[in-house]
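Asks: how would this look folded up:
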Amino acid sequence: MDEDEEEEGGGGRRAAPARFVRCLYAVGFLDLFGVSMVVPLMNHHIKSLGASHTVAGIIGSLYGVMQLFSSTFVVSSNTVFQSI
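Replies: Okay, the predicted model is just below:
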């Protein structure tokens, strides 16, 4: 009887991380899907405000540049805070 209880407890502990990973995948997908819907429309909106093609391209490329630098900062700060 003790062995059955241990097996059930072990299965319950594994179910929570699997559910978390599925939730993480869903959030990541929704984030990328939302960005892929907004960034292409942003170029058209910027041009409708009267900006030139060059300015619209620079503003559109700022997303990638900001993601490059912010991801480096987020990963390094995560490492620092995780060790505390």
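Asks: Angles on the backbone of G50, please.
Replies: Dihedral angles of G50 (phi, psi; degrees, to the nearest 10) stand at phi 100, psi 10.
Asks: Which pLDDT value belongs to it?
Replies: Reading off the confidence values, G50 has pLDDT 93.
Asks: separation between it and I59?
Replies: Going from G50 to I59 by CB to CB, to the nearest Å gives 13 Å. No exception for glycine: its C-beta is placed from N, CA and C like everyone else's.
Asks: Same check on M42?
Replies: M42 sits 7 Å away from I59, going by CB to CB.
Asks: what does F73 give?
Replies: 21 Å.
Asks: quick revisit: G50 and I59 - which one has more neighbours?
Replies: I59 (14 against 7; other CB atoms under 10 Å).
Asks: Contact partners for that one?
Replies: Contact analysis of I59 by CB atoms under 8 Å, 6 or more residues apart in numbering lists M42, I46, A51.
Asks: Counting neighbours, which of those residues end up buried?
Replies: The neighbour-count test (16 or more other CB atoms under 10 Å) marks I46 as buried among the contacts of I59.
Asks: With respect to F69, which of the contacts of I59 is nearest?
Replies: Nearest to F69, judged by CB to CB, of those is M42 at 19.2 Å.
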